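Enquirer: pasting the sequence and the predicted model now:
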Amino acid sequence: MNSKGNIGRSHRNPLVGRTSELEMLRQLLFVPQRGAKARLQRNASAIPLDTLRKPQCMVLIGEAGIGKTRLAEETSREAQQRGWAVAWSRSYAQESTIPYRLWIEILRSLISNDPWQKQELHKHPLLLARLAALLPELYMLLPDDESPIRQSSEQEQQSLWEAILELFKLSIERTPLLVVLDDLQWADSSSCELLAYLVRRLSNFPIVFLGTCREIELVPKHPLRPLMAHMQREHTITTLQIQPLTDAAINTLIAGIQLPEHVVQDIREQAAGNPFFAEELAYSYSVASPSTNEHTAQPARKKSSSLPHSIAAALDQRMSKLSRDCQQLLGNAAILGGSFEFSLIRSMEINNSASDEDTVLDLLDEALQSGVLTEEGRGARVNYHFWQPLLVSHLYDGLSATRRALLHRRAADILRQSYANREAEGGRHHHPSPCCRRSRTTTNRSLCNNSRRSRLRSLGLPRSRTLLSHRYRKCSIGPGGLPAHHCP
Ligand SMILES: Nc1ncnc2c1ncn2[C@@H]1O[C@H](COP(=O)(O)OP(=O)(O)O)[C@@H](O)[C@H]1O
Ligand SMILES: [Mg+2]
């Protein structure tokens, strides 16, 4: 438990954006103070289901690096300034099978950081004995004649939960408490169930639970899914989806590293609102080119291989959730740029191996479910977009030179054939060019950027030298699978 010390990481950029998120988090801290007064007035011990009550548990949801932990850190500081105690815990992927792992640190800190609390516990040997099941060091505090309690495993669980509840009630008797549970996607199932129990039982007490979660990494059977749905129905939990930062916020975030405008623009495009990616790209640029000069400056990543390790690791971690076949399909699709049509990837895959249309669809579904791709459109004209521009570069880099050459040739053949067919049809009917149709129907940045870059190129003006545009200049297929010369 931390009532004065530093919260979270020490090396930080100043917070940018997030005004409305912080406001919502501030509101969350108001609830139990009001609730505590009401509880004292009514002397109520259990609160009935009340659809009007304000949840005292919030889960911040979003992709890795989007700023969930940072918001939890900011909220913790704010809580401390208001005189709250703060208890933090974090789940790790490697520890997700250890029962109650998420709570052990919190319980330990509740007991050890508050001498008053320890004294109080001495008066409750039964409570100590039950908590000792999770915190063995408490056996030392038990009177010698205290014998172990024999119970069925269900009773044991109930007694443990009740003991933990009592401990929390003791802790918040004098100071309101913020409990932060970072990276809930890796929490074990008993920890998740205990969270739901505590949130329900401590409703209207001066306590707030703040979780962070990469929803996309919650496996379909993760216990948190049904629990959160149930708690939402009970009005005991609320979720806040953390959106990408705006371009202006990313500019401010990396303004401390004096970078030329075209590099800043490149970073903005590549990071797509993710502050972690933006920080890492800016840092790697500043290390690679310490003396910044507008004329000699290189783009944010001169070569694909210069993708910072931290970013590559985050992208690999995301890809590792997918089957090998799906990873291979996405690697092949990276040849086509940030987005591609179903018909195009299907033709490439069918030529490529024994995979039939259904298999390609299944693999695309797998990528959609994992959030690596998003889809847009209907019927035969479905467009798939990669979740992150950097992922496209990363996957492309993962292909061997021979494979790249082969896939480029295959894509070029398919496109040539497809345009020949369309032109033959165009003689009979007038259609807008496929590229125009696409740029009207898609919101994908890389397509729009491709059109913009191509326009600048045709006017002989300089453009941002991003990896993809550089790459497609060579092979004459624009990101999105269109020959660059077809763009307006
Ligand atoms: N709004 C923001 N302003 C400034 N820096 C931010 C902001 N959001 C995140 N960051 C920084 O980006 C990095 C990743 O954020 P983090 O909170 O760890 O992401 P997540 O927990 O969602 O994976 C951290 O260095 C953090 O300080
Ligand atoms: Mg985090």
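Expert: Cool, got the structure. Ligands and ions are numbered 1, 2, ... in the order given.

Enquirer: tell me which element the residue nearest to P99 when sequence neighbours are not counted is part of?
Expert: Taking CB to CB, 6 or more residues apart in numbering, and ignoring the residues beside it in sequence, P99 has S190 as its nearest neighbour in space, at 4.4 Å. All C-beta spots, glycine's among them, are computed from the backbone N, C-alpha and C. Following DSSP states H and E, one finds S190 within helix 189-201.

Enquirer: show residues contacting the helix or strand just after that helix.
Expert: Moving toward the C-terminus from helix 189-201, the first helix or strand encountered (DSSP H and E) is strand 207-213. For strand 207-213, the external contacting residues (CB atoms under 8 Å, 6 or more residues apart in numbering) are 25, 28-29, 31-32, 56-61, 68-69, 71-72, 75, 79, 168, 172, 176-185, 195, 198-199, 224.

Enquirer: at 7 Å instead, please
Expert: Strand 207-213 is contacted by residues 28-29, 31-32, 56-61, 68-69, 72, 75, 168, 172, 176-185, 195, 199 when judged by CB atoms under 7 Å, 6 or more residues apart in numbering.

Enquirer: rewinding a little: correct me, but the residue nearest to P99 touches I98?
Expert: No: S190 sits out of contact with I98 when judged by CB atoms under 7 Å, with a separation of 9.2 Å.

Enquirer: which one's more surrounded, these two?
Expert: Neighbour tally, S190 and I98, criterion other CB atoms under 10 Å: the higher count belongs to S190, 18 against 14.

Enquirer: measure that one to L134 for me?
Expert: With distances defined as CB to CB, to the nearest Å, the gap from S190 to L134 amounts to 10 Å.

Enquirer: got the confidence number for G273?
Expert: The score at G273 is 96. That number is its pLDDT.

Enquirer: in three-state terms, label it for me.
Expert: coil (DSSP: H, G, I helix; E, B strand; the rest coil).

Enquirer: list the contacts for it?
Expert: Residues in contact with G273, defined by CB under 7 Å, 6+ apart, are P244, L245, I250.

Enquirer: okay, these in a markdown table with pLDDT, neighbour count and distance to ligand 1 next?
Expert: Written out in a markdown table, the entries for the contacts of G273 read as follows (pLDDT from 0 to 100; neighbours: other CB atoms under 10 Å; distance: CB to the nearest ligand atom, whole Å):
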| residue | pLDDT | neighbour count | distance to ligand 1 |
| --- | --- | --- | --- |
| P244 | 96 | 18 | 10 |
| L245 | 97 | 23 | 6 |
| I250 | 97 | 26 | 9 |
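
Enquirer: tell me which of the residues you listed fall in helices.
Expert: For these, membership in helices holds for I250, with DSSP state H as the criterion.

Enquirer: ok, C192 touching P223?
Expert: Yes: with contacts counted by CB under 7 Å, C192 reaches P223, the gap being 4.7 Å.

Enquirer: tell me which parts of the chain are close to ligand 1?
Expert: The interface of the chain toward ligand 1, taken as CB under 6 Å from any ligand atom, is made up of 12-13, 15-18, 62, 64-70, 212, 253, 275-276, 279.

Enquirer: any chance you could list residues touching both of S190 and L134?
Expert: Both S190 and L134 are contacted by Y100, under the criterion CB under 7 Å, 6+ apart.

Enquirer: any regions of the stretch 201-350 of the chain where pLDDT drops low?
Expert: Residues of the stretch 201-350 of the chain meeting the criterion pLDDT under 70: 289-306.

Enquirer: repeat that with 80
Expert: Across the stretch 201-350 of the chain, the ranges flagged by pLDDT under 80 are 219-220, 287-306, 349-350.

Enquirer: quick one: the strands in it?
Expert: 207-213, 238-241, 339-341 (DSSP state E, counting those that start in this stretch).

Enquirer: can you put those in JSON lines and add mean neighbour count?
Expert: Written out in JSON lines, the entries for the strands of the stretch 201-350 of the chain read as follows (neighbours: other CB atoms under 10 Å):
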{"stretch": "strand 207-213", "mean neighbour count": "26"}
{"stretch": "strand 238-241", "mean neighbour count": "15"}
{"stretch": "strand 339-341", "mean neighbour count": "24"}
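
Enquirer: would you indicate which residues of stretch 116-131 are buried?
Expert: Residues of stretch 116-131 classed as buried under the neighbour-count rule (16 or more other CB atoms under 10 Å) are Q117, E120, L121, L127, L128, A129, R130, L131.

Enquirer: in helices, which of those residues fall?
Expert: Secondary structure defined by DSSP H assigns Q117, E120, L121, L127, L128, A129, R130, L131 of these to helices.

Enquirer: quick one: distance of stretch 374-387 to the chain centre.
Expert: The chain centroid and the centroid of stretch 374-387 are separated by 22 Å, computed with CA atoms, centre = their mean, to the nearest Å.

Enquirer: for the stretch 51-200 of the chain, what spans make up the helices?
Expert: Remark: helices assigned in the stretch 51-200 of the chain by DSSP state H, counting those that start in this stretch are 68-81, 101-112, 115-122, 125-131, 153-171, 189-201.

Enquirer: lowest-confidence stretch among those?
Expert: Least confidently modelled of the helices of the stretch 51-200 of the chain is helix 115-122, at a mean of 73 by mean pLDDT.

Enquirer: what angle sits between that one and helix 153-171?
Expert: Interaxial angle, helix 115-122 versus helix 153-171 (axes from the mean of the first three to the mean of the last three CA atoms, to 10 degrees): 140 degrees.

Enquirer: and helix 115-122, what does it pack against?
Expert: Counting contacts by 3 or more CB pairs under 7 Å, 6 or more residues apart in numbering; DSSP states H and E, helix 115-122 packs against helix 101-112, helix 153-171.

Enquirer: CA atoms only: put it into CSV for me.
Expert: Only the C-alpha atoms of helix 115-122 are listed here, as CSV (Å, rounded to 0.1, in the frame of the first residue of the first chain):
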residue,chain,number,x,y,z
PRO,A,115,1.3,-0.7,11.8
TRP,A,116,-2.2,0.0,13.0
GLN,A,117,-3.5,-2.7,10.7
LYS,A,118,-1.0,-5.2,12.1
GLN,A,119,-2.1,-4.4,15.6
GLU,A,120,-5.7,-4.8,14.7
LEU,A,121,-5.0,-8.2,13.1
HIS,A,122,-3.4,-9.4,16.3
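
Enquirer: and the angle from it to helix 101-112?
Expert: Orientation of helix 115-122 against helix 101-112 (the same axes, to 10 degrees) gives an angle of 100 degrees.

Enquirer: now for the buried residues of stretch 116-131: which two are most distant?
Expert: Using CB to CB, the buried residues of stretch 116-131 reach their maximum pairwise distance at Q117 and A129, which is 16.5 Å.
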